[in-house]
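1. Build the 3D model from these lines:
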Amino acid sequence: MGAEVEKSDPRAGRFLTGPNQWPQKLSSENFERPLQDFRLRMVSLAETVLRILALVIPGSSPELFDEFMVNPSGNLRLLHYPPQTSTDEKQLGGE
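-> The predicted model follows:
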């Protein structure tokens, strides 16, 4: 999941950019919007961290890394691990 980019956008199809695929069974209000908000907050946090890092580089300005924050890819990958039902003590490795 990344920035919401329509198929008709010239950026669509480039590196990690294109329309997001949202589950039809989940409401936009309860799934899509909170995830988009979280992503925007994380991109903002990354920008803040880059500005702080730039301050410790002698002779640089806080804007040193700004060019990297123009349409950043900043993708979020949602993972789902199914529940483990095994009772085998060795399920995660050897003895």
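
2. where does this structure dip in pLDDT?
-> Along the chain, segments meeting pLDDT under 70 span 92-95.

3. What number of residues are in the vicinity of residue 83?
-> Counted with other C-beta atoms under 10 Å, the neighbours of residue 83 add up to 4. In this view, the C-beta of every residue, glycine as well, is placed from N, C-alpha and C.

4. try residue 67
-> Burial measure for residue 67: 7 neighbouring residues, criterion other C-beta under 10 Å.

5. got it, and the one 5 residues further on?
-> Close neighbours of residue 72, defined as other C-beta under 10 Å, add up to 14.

6. what do you get for residue 84?
-> Residue 84: 9 neighbours (other C-beta under 10 Å).

7. Kindly report the same for residue 3.
-> Residue 3 has 19 neighbouring residues, counting by other C-beta under 10 Å.

8. Residue 50 now?
-> Neighbour tally, residue 50, other C-beta under 10 Å: 18.

9. Check residue 17 too.
-> Look at residue 17: counted by other C-beta under 10 Å, it has 16 neighbours.

10. which residues touch residue 20?
-> When contacts are counted by C-beta atoms under 8 Å, 6 or more residues apart in numbering, residue 20 is found next to 1-2, 4, 32.

11. Could you check which helix or strand contains it?
-> Using DSSP states H and E, residue 20 is not contained in any helix or strand.

12. Identify all contacting residues around stretch 67-84.
-> Counting by C-beta under 8 Å, 6+ apart, 1-3, 11, 15-17, 35, 38-39, 42-43, 46-47, 50, 91 sit against stretch 67-84.

13. residues of that stretch that come out buried?
-> residue 74 (16 or more other C-beta atoms under 10 Å).

14. Repeat that for stretch 51-67.
-> Per 16+ other C-beta under 10 Å, stretch 51-67 contains these buried residues: 51, 65.

15. centre of the chain versus it, how much separation?
-> Distance of stretch 51-67 from the chain centroid (C-alpha atoms, centre = their mean, to the nearest Å) equals 23 Å.

16. Compute the first-to-last residue distance for stretch 14-32.
-> 22 Å (C-alpha to C-alpha, to the nearest Å).
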